[in-house]
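S.K.: here is a sequence with its predicted model. Questions after.
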Amino acid sequence: MTLNSVVIVGAGQGGFQVAASLRQEGYQGAITLIGDEPGLPYQRPPLSKAYLLGKISATALLFRPMDFYTQQNIELVHDQAVAVDRNNRQVRLASGRAVPYDHLVLAMGAHNRPLSVPGADAHGVFGIKTKADADELAPLAKEARHVVVVGAGFVGLEFAAVAAANGATVHVLELGDRPMARAISREMSDLFRAAHEAWGVHFEFRQGIGQILSEGGKVSGVVTAEGKTLPADLVVYGIGVIPNVQLALEAGLDIDNGIKVDSNLLTSDAHISSLGDVASFPCIQNGQKPLRLESVQNAVDQGRAIAARLVGKPAPYTALPWFWTDQGNLKLQIAGMSMGYDNTVALGTPESGQLSVLCFRDDQLVAVESCNRPGDHMAARKILARPPRLTPAEAQVPGFELKAWEAANRD
């Protein structure tokens with residue numbers, strides 16, 4: 001079937017990538033990119049770190065300047081998609097406009113899980129998801145003296161590092177027993193905990209939030225679940241996200257912790273694809289079990305895969321997942337999926353701030369976490385992209401180097 005029009009709902013990383021890749025693949029039909037935020041599509045990862053610190057400008061956040069969209073004949077629509085009419089293949093917008101499509105791509109992303117405690121509506125309580133959030137937060141982050149961060153995941157710790165660098169007293173409340181517990185090994189958690197504590201961050205593990213105190217409508221403190229009161233003139237939370245599935249749900253598409261897609265990223269409607277944070281796909285690194293990944297790499301690679309399929313080059317999505325986070329002077333890069341690992345081998349030393357942790361499951365390498373060891377990360381991506389052959393016994397040999405092993409064992 002010839003596609004004359006592709007409509008993309010969601011102008012984040014994944015949605016932008018579909019549009020850009022379609023043109024790179026030679027697609028000549030109409031492309032409509034619908035986003036519900038003002039301005040040009042932009043990167044989100046820097047919002048909680050470099051952008052807040054003023055290290056990059058708003059212009060540097062942009063994927064491309066306006067000239068790109070004009071030259072590539074990509075129509076940018078600033079509006080909210082409110083319904084999908086699958087029978088007539090139209091997307092209805094809040095403005096009343098109906099946008100017809102031959103193929104629809106749903107890339108609506110996710111929204112922050114709300115902080116549902118008394119007082120959460122006080123001024124000075126933030127979740128960081130959009131540029132507007134970061135713009136409002138930036139001046140407050142510079143002035144804040146007492147900061148409470150709720151959640152010791154990537155976003156929470158990125159902001160904790162920013163606040164500590166600005167000279168604030170920082171307390172992090174975390175329900176788990178260590179930083180980033182759901183994402184990384186204990187060895188790497190210990191390194192990041194020690195680094196944050198050296199920067200002046202105070203952790204409260206196995207601790208939730210009970211209430212936010214305010215004076216004159218502005219946050220003044222936090223009461224923990226155990227009743228401890230912490231002073232706070234700023235509260236930032238990162239307690240997970242919820243995929244934006246409402247549009248797809250109301251359209252009757254299959255939902256499974258996100259919009260359910262097959263290995264080609266097609267939904268239960270053959271005229272609709274989905275990708276990125278909102279899509280649940282059969283992940284080859286997870287035994288083909290449905291998985292929803294929140295990462296730039298995933299959105300970019302899935303965007304490219306959808307574009308290739310739409311121009312007649314279909315292939316199952318099998319890209320290796322990888323992630324990163326920047327916290328202070330530490331850059332953590334993760335290749336692969338460590339879920340269910342049962343053995344680890346550490347390379348380097350935590351004291352140096354340069355450490356790689358190799359995660360094995362049933363003696364097969366499934367993931368590599370690298371802090372300030374970019375060479376190990378790149379080698380890991382190459383090793384994990386093919387059937388893993390590296391064993392724990394090999395990695396434990398004194399003097400073992402991941403880069404050298406990869407170079408010696410290339411096909």
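M.R.: Yep, that arrived. Everything numeric here is computed off the predicted structure, so don't read it as measured data.

S.K.: residue 161 in helix, strand or coil?
M.R.: helix (DSSP: H, G, I helix; E, B strand; the rest coil).

S.K.: got it, and residue 319?
M.R.: Assigned by three-state DSSP, the conformation of residue 319 is coil.

S.K.: show the contacting residues for it.
M.R.: The contact partners of residue 319, taken as C-beta atoms under 8 Å, 6 or more residues apart in numbering, are 297, 298, 301, 302, 305. Quick note: C-beta positions are derived from backbone N, CA and C, even for glycine.

S.K.: what number of residues lie near the third one?
M.R.: By that I understand residue 301. When counting by other C-beta atoms under 10 Å, one arrives at 21 neighbours for residue 301.

S.K.: against residue 9, how distant is it?
M.R.: Note on residue 301: its distance to residue 9, by C-beta to C-beta, to the nearest Å, is 19 Å.

S.K.: ditto for the fourth one
M.R.: In this view, residue 302 and residue 9 are 15 Å apart by C-beta to C-beta.

S.K.: same question for the second one.
M.R.: Per C-beta to C-beta, residue 298 is found 18 Å from residue 9.

S.K.: over to residue 59?
M.R.: 25 Å.

S.K.: so the two - more neighbours on which side?
M.R.: Shown here are residue 59 and residue 9; by other C-beta under 10 Å, residue 9 has more neighbours (29 against 9).

S.K.: what's in contact with the worst-scoring helix or strand of the chain on mean pLDDT?
M.R.: Lowest on mean pLDDT, DSSP states H and E among the helices and strands of the chain sits strand 289-291, with a mean of 90. With contact meaning C-beta under 8 Å, 6+ apart, strand 289-291 is reached by 256, 257, 260, 280, 281, 282, 283.

S.K.: sheet partners, orientation included, of it?
M.R.: Paired strands of strand 289-291, with direction, are strand 279-283 (antiparallel) (DSSP bridges).

S.K.: quick one: distance of the strand it pairs with to the chain centre.
M.R.: Relative to its chain's centre, strand 279-283 lies at 15 Å (C-alpha atoms, centre = their mean, to the nearest Å).

S.K.: on that earlier part again, of the contacts of residue 319, which belong to strands?
M.R.: Within those, no residue falls in strands by DSSP state E.

S.K.: in helices, which of those residues fall?
M.R.: Cross-referencing the contacts of residue 319 against helices under DSSP state H gives 297, 298, 301, 302, 305.

S.K.: contacts only, for the residue nearest to the fourth one when sequence neighbours are not counted.
M.R.: Read it as residue 302. Closest residue to residue 302 apart from its sequence neighbours, by C-beta to C-beta, 6 or more residues apart in numbering: residue 275 at 3.8 Å. By C-beta under 8 Å, 6+ apart, residue 275 lies in contact with 14, 18, 105-107, 261, 265, 298-299, 302-303, 305-306.

S.K.: TSV please, covering those residues and showing neighbour count and pLDDT.
M.R.: Supplementary listing: the contacts of residue 275 in TSV, determined by neighbours: other C-beta atoms under 10 Å; pLDDT from 0 to 100:
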residue	neighbour count	pLDDT
14	28	97
18	27	98
105	29	98
106	30	98
107	32	98
261	27	98
265	22	98
298	25	96
299	27	97
302	27	98
303	27	98
305	25	98
306	28	98
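
S.K.: now render those as CSV, adding distance to residue 410.
M.R.: Formatted as CSV, the contacts of residue 275 follow (distance: C-beta to C-beta, whole Å):
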residue, distance to residue 410
14, 31
18, 32
105, 36
106, 39
107, 35
261, 33
265, 30
298, 26
299, 29
302, 27
303, 29
305, 25
306, 30
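
S.K.: out of the residues you listed, who's nearest residue 47?
M.R.: Nearest to residue 47 among the contacts of residue 275, counting by C-beta to C-beta, is residue 299 at 15.2 Å.

S.K.: against residue 23, how distant is that closest one?
M.R.: Residue 299 is 17 Å from residue 23, by C-beta to C-beta.

S.K.: same check on residue 109?
M.R.: With distances taken as C-beta to C-beta, residue 109 is found 22 Å from residue 23.

S.K.: do the same with residue 17
M.R.: Taking C-beta to C-beta, one finds residue 17 at 11 Å from residue 23.
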